[in-house]
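> Next one to model:
(one chain, ligands or ions: 1)
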Amino acid sequence: MKTALVTGASRGIGMECAKALAYEGYKVYALWHSSREGIENLCNEISCTPLQCDVRDYGAVMETVKSVPEGIDILVNCAGISEHAVLQDITEEMWDNMFDVSVKSVYSLSKACIPHMINRKWGRIINISSMWGQVGASCEVHYSAAKAAVIGFTKALAKEVGLSGITVNCIAPGVIDTDMNKGFSHEDIAALIDETPMNRIGTPFDIARAVTFLANERADFITGQVLGINGGLVL
Ligand code: NAP
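Predicted structure coming up:
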């Protein structure tokens with residue numbers, strides 16, 4: 001049975017990815033940080049092993065991955081935060097925190113998981129970026145820059161580990177109905193829906209289905225790609 005480690009599994013998109021991977025028969029390791037109730041609900045619904053870890057902490061990430069006896073075959077980097085501020089109000093601390101959660105985590109988790117994948121000559125790394133990493137969002141310069149960095153990371157690593165049978169891909173979601181967007185008013189959401197060719201916002205399941213596709217053997221020849229899942233909002 002292949003193993004899958006999903007970060008951000010205690011809520012939103014990551015939780016749905018963990019469920020979808022478990023339903024497809026993978027042994028799921030569900031990484032969470034502060035949402036105890038969320039991870040308990042997930043573990044009541046699916047068979048999975050919870051791992052508590054702050055993805056900003058390099059040492060903790062290394063120890064967490066080392067604690068998985070079989071090693072990780074599929075890594076889904078989904079943990080993330082969002083924050084709205086104009087550039088002049090983004091402090092150095094906010095900037096560093098955004099990059100630690102969004103980019104450093106992808107570096108350390110990939111680094112921790114890759115030796116096992118190389119031994120197995122097979123592996124999957126699926127990074128959750130954002131459409132804002134592709135086109136930029138006003139008042140989210142640090143978020144947009146971090147998500148663009150994840151795209152660059154994906155493309156570079158895909159070239160480096162392809163010969164070892166490891167694919168590295170990126171999903172760039174559009175607006176997805178999770179806690180991350182709870183600050184939007186009904187009017188904001190209605191305006192976004194209006195702009196979206198598919199005339200709705202996305203669900204976590206829209207993303208989870210793509211994750212299970214990229215994890216599958218059927219996606220063996222797909223690497224270094226950015227898959228936009230946004231209902232046509234960004235083409
Ligand atoms: P969410 O519902 O707010 O969940 C965020 C998840 O990230 C939680 O499980 C949280 O864990 C985890 N997390 C945050 N900081 C962490 C840390 N320091 N260490 C470990 N885990 C941490 O967000 P979401 O909407 O599902 O977003 C998931 C990913 O999709 C993010 O990378 C986000 O940028 C991206 N995305 C989302 C949208 C959208 O519209 N929702 C659009 C584009 C991209 P705890 O709660 O346990 O702390």
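
> So the lowest-mean-pLDDT helix or strand in the chain, near the ligand or not?
Least confident element among the helices and strands of the chain, by mean pLDDT, DSSP states H and E: helix 186-195 (a mean of 96). No - with C-beta under 6 Å from any ligand atom as the threshold, helix 186-195 lies outside contact range of the ligand, at a closest distance of 9.8 Å. (C-beta placed from N, C-alpha, C; glycine too.)

> Let me see the residues that make contact with that helix.
Defining contact as C-beta atoms under 8 Å, 6 or more residues apart in numbering, one finds that helix 186-195 is touched by 175, 181, 184, 199-201, 233.

> next one: it to chain centre, how far?
Per C-alpha atoms, centre = their mean, to the nearest Å, the displacement of helix 186-195 from the mean C-alpha position of its chain is 24 Å.

> Within range of the ligand, give me the residues from this protein.
Counting by C-beta under 6 Å from any ligand atom, the residues of the chain that sit close to the ligand are 7-8, 10-14, 32-35, 54-56, 78-81, 101, 128, 130, 173, 175-176, 178-181.

> among those residues, which are in strands?
Using DSSP state E, 32, 128, 173 are the members of the residues of the chain next to the ligand that sit in strands.

> Of those residues, which count as buried by neighbour count?
Neighbour counting by 16 or more other C-beta atoms under 10 Å classes 32, 128, 173 among these as buried.

> Which residue lies nearest the spatial centre of the chain?
Nearest to the mean C-alpha position of the chain, counting by C-alpha atoms, centre = their mean, stands residue 78 at 2.1 Å.

> so it sits right up against residue 9, yeah?
Yes - assessed by C-beta atoms under 8 Å, residue 78 is found in contact with residue 9 at 7.4 Å.

> what sits in contact with each of the two?
Counting by C-beta under 8 Å, 6+ apart, the residues touching both residue 78 and residue 9 are residue 17.

> can I assume residue 65 sits in a strand?
No - Residue 65: not assigned to a strand; according to DSSP: H, G, I helix; E, B strand; the rest coil it is helix.

> could you check the distance from it over to residue 49?
Taking C-beta to C-beta, to the nearest Å as the measure, residue 65 falls 13 Å from residue 49.

> who's more crowded, those two?
Between residue 65 and residue 49, counted using other C-beta atoms under 10 Å, residue 65 has the larger neighbour count: 24 against 14.

> before we move on, back to that, in JSON lines: the buried ones among the ones in strands among the residues of the chain next to the ligand, plus distance to residue 18 and pLDDT.
Putting these into JSON lines (distance: C-beta to C-beta, whole Å; pLDDT from 0 to 100) gives the following:
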{"residue": "32", "distance to residue 18": "10", "pLDDT": "98"}
{"residue": "128", "distance to residue 18": "13", "pLDDT": "99"}
{"residue": "173", "distance to residue 18": "16", "pLDDT": "98"}
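
> In the least confident helix or strand of the chain, which residues are buried?
By neighbour count on 16+ other C-beta under 10 Å, the buried set for helix 186-195 is residue 192.

> Kindly report the same for stretch 194-208.
Applying a neighbour-count criterion of 16+ other C-beta under 10 Å, the buried positions in stretch 194-208 are 196, 201-202, 204, 206-208.

> again, but for stretch 10-22
Along stretch 10-22, the positions that meet the burial threshold by neighbour count (16+ other C-beta under 10 Å) are 10-22.

> Restricted to helices, list the residues you listed.
Per DSSP state H, helices hold the following members of these: 12-22.
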